[in-house]
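Engineer: 3D model of this:
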Amino acid sequence: MFRKMVMLTVSLAFFLATAGSGLALEKGNKRKGKYTYRKVYAACFERGAVDSKTPPISPADKSQADWTALFESGDLAEFGCQEEWDALEEEQVRDIYTYMYEFASDSPTPAKCK
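Structural biologist: Modelled structure (predicted):
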(Lines give C-alpha, C1' and ligand atoms only; values in the text may rest on other atoms or scores of the structure.)
Protein backbone atom coordinates (compact mmCIF):
# COMPACT_ATOMS: atom_id res chain seq x y z
CA MET A 1 0.00 0.00 0.00
CA PHE A 2 2.80 2.42 0.94
CA ARG A 3 4.62 1.64 -2.30
CA LYS A 4 1.50 2.43 -4.36
CA MET A 5 1.07 5.77 -2.59
CA VAL A 6 4.70 6.68 -3.25
CA MET A 7 4.39 5.75 -6.93
CA LEU A 8 1.17 7.75 -7.23
CA THR A 9 2.77 10.80 -5.60
CA VAL A 10 5.87 10.60 -7.80
CA SER A 11 3.73 10.18 -10.93
CA LEU A 12 1.57 13.14 -9.98
CA ALA A 13 4.62 15.33 -9.28
CA PHE A 14 6.17 14.37 -12.63
CA PHE A 15 2.92 15.13 -14.46
CA LEU A 16 2.57 18.54 -12.83
CA ALA A 17 6.20 19.44 -13.52
CA THR A 18 5.99 18.55 -17.22
CA ALA A 19 2.57 20.17 -17.68
CA GLY A 20 3.77 23.43 -16.12
CA SER A 21 6.89 23.61 -18.24
CA GLY A 22 4.85 23.23 -21.41
CA LEU A 23 2.93 26.41 -20.64
CA ALA A 24 6.02 28.64 -20.58
CA LEU A 25 7.84 29.91 -23.64
CA GLU A 26 10.54 27.57 -24.80
CA LYS A 27 13.99 28.70 -23.69
CA GLY A 28 16.80 29.42 -26.11
CA ASN A 29 20.49 30.20 -25.76
CA LYS A 30 21.03 33.47 -23.85
CA ARG A 31 24.57 33.98 -25.21
CA LYS A 32 23.36 33.62 -28.79
CA GLY A 33 20.44 35.88 -27.92
CA LYS A 34 22.72 38.66 -26.72
CA TYR A 35 24.83 38.37 -29.88
CA THR A 36 21.79 38.29 -32.18
CA TYR A 37 20.13 41.21 -30.37
CA ARG A 38 23.22 43.37 -30.88
CA LYS A 39 23.56 42.17 -34.47
CA VAL A 40 19.99 43.31 -35.22
CA TYR A 41 20.81 46.87 -34.19
CA ALA A 42 24.15 46.88 -35.98
CA ALA A 43 22.35 45.94 -39.22
CA CYS A 44 19.68 48.54 -38.52
CA PHE A 45 22.39 51.17 -37.96
CA GLU A 46 24.12 50.25 -41.22
CA ARG A 47 20.79 50.66 -43.01
CA GLY A 48 20.50 54.13 -41.45
CA ALA A 49 17.30 53.49 -39.52
CA VAL A 50 18.80 54.22 -36.07
CA ASP A 51 21.48 56.59 -34.76
CA SER A 52 23.46 54.04 -32.75
CA LYS A 53 24.54 50.41 -32.95
CA THR A 54 23.72 50.09 -29.24
CA PRO A 55 20.28 48.56 -28.64
CA PRO A 56 17.93 51.09 -27.02
CA ILE A 57 16.26 48.57 -24.71
CA SER A 58 18.19 46.75 -21.99
CA PRO A 59 16.99 43.46 -20.50
CA ALA A 60 16.85 45.20 -17.10
CA ASP A 61 14.25 47.66 -18.41
CA LYS A 62 11.47 45.12 -17.79
CA SER A 63 10.64 42.29 -15.40
CA GLN A 64 10.64 38.62 -16.41
CA ALA A 65 6.83 38.66 -16.56
CA ASP A 66 6.91 41.72 -18.82
CA TRP A 67 9.36 40.07 -21.22
CA THR A 68 7.28 36.91 -21.31
CA ALA A 69 4.11 38.87 -22.05
CA LEU A 70 5.83 40.91 -24.77
CA PHE A 71 7.29 37.91 -26.60
CA GLU A 72 4.12 35.83 -26.20
CA SER A 73 2.10 38.62 -27.81
CA GLY A 74 4.45 38.61 -30.81
CA ASP A 75 4.24 42.42 -31.08
CA LEU A 76 7.89 43.40 -31.20
CA ALA A 77 7.30 46.89 -32.64
CA GLU A 78 8.58 48.37 -29.37
CA PHE A 79 12.09 47.37 -30.41
CA GLY A 80 12.00 49.24 -33.74
CA CYS A 81 14.08 47.97 -36.70
CA GLN A 82 11.10 45.95 -37.96
CA GLU A 83 12.87 44.82 -41.15
CA GLU A 84 15.64 43.15 -39.17
CA TRP A 85 13.23 41.57 -36.68
CA ASP A 86 11.09 40.19 -39.50
CA ALA A 87 14.18 38.55 -41.02
CA LEU A 88 14.97 36.62 -37.83
CA GLU A 89 14.20 32.93 -37.55
CA GLU A 90 12.01 31.66 -34.72
CA GLU A 91 15.03 30.17 -32.95
CA GLN A 92 16.83 33.52 -33.00
CA VAL A 93 13.81 35.29 -31.50
CA ARG A 94 13.65 32.56 -28.84
CA ASP A 95 17.34 33.16 -28.05
CA ILE A 96 16.73 36.92 -27.69
CA TYR A 97 13.73 36.21 -25.42
CA THR A 98 15.92 34.01 -23.23
CA TYR A 99 18.60 36.71 -23.05
CA MET A 100 16.03 39.35 -22.06
CA TYR A 101 14.31 37.04 -19.57
CA GLU A 102 17.50 35.81 -17.87
CA PHE A 103 18.83 39.35 -17.33
CA ALA A 104 15.51 41.07 -16.51
CA SER A 105 15.25 43.55 -13.63
CA ASP A 106 13.82 40.94 -11.25
CA SER A 107 16.14 38.08 -12.26
CA PRO A 108 18.90 36.79 -9.99
CA THR A 109 21.46 38.43 -12.34
CA PRO A 110 19.94 41.59 -13.84
CA ALA A 111 21.79 43.36 -16.66
CA LYS A 112 23.78 46.26 -15.23
CA CYS A 113 24.93 48.00 -18.42
CA LYS A 114 23.21 49.10 -21.59
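Engineer: Can you mark which positions in stretch 40-58 are buried?
Structural biologist: 40-44, 50, 55, 58 (16 or more other C-beta atoms under 10 Å). The C-beta positions use only the backbone N, C-alpha and C, and glycine is treated the same way.
Engineer: Flag the shaky bits of the chain, pLDDT-wise.
Structural biologist: The chain contains residues with pLDDT under 70 at 2-25, 113-114.
Engineer: Point out the other helices and strands that the helix or strand where G33 lies packs with.
Structural biologist: For G33, the host element (DSSP states H and E) is helix 30-47. Applying 3 or more C-beta pairs under 8 Å, 6 or more residues apart in numbering; DSSP states H and E, we find helix 30-47 packed against helix 82-87, helix 90-102.
Engineer: mind listing what's buried in stretch 56-68?
Structural biologist: Neighbour counts over stretch 56-68 (16+ other C-beta under 10 Å) mark 58-60, 62, 64, 67-68 as buried.
Engineer: any idea how far A104 is from K53?
Structural biologist: As for A104, its distance to K53 is 23 Å (criterion: C-beta to C-beta, to the nearest Å).
Engineer: circling back: out of the buried residues of stretch 56-68, which two are the most distant from each other?
Structural biologist: S58 and T68 (16.7 Å; C-beta to C-beta).
Engineer: possible to save the buried residues of stretch 40-58 as CSV with distance to E78?
Structural biologist: Putting the buried residues of stretch 40-58 into CSV (distance: C-beta to C-beta, whole Å) gives the following:
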residue, distance to E78
V40, 13
Y41, 14
A42, 19
A43, 18
C44, 14
V50, 14
P55, 12
S58, 13
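Engineer: Please identify the most buried of the helices and strands packed on helix 30-47.
Structural biologist: Comparing those by mean neighbour count (mean count of other C-beta atoms under 10 Å), helix 90-102 ranks first with a mean of 21.
Engineer: Run the chain-centre distance for that helix.
Structural biologist: 4 Å (C-alpha atoms, centre = their mean, to the nearest Å).
Engineer: Other residues contacting it?
Structural biologist: 25-34, 36-37, 40, 59, 62, 64, 67-68, 71, 76, 85, 88, 107, 109 (C-beta atoms under 8 Å, 6 or more residues apart in numbering).
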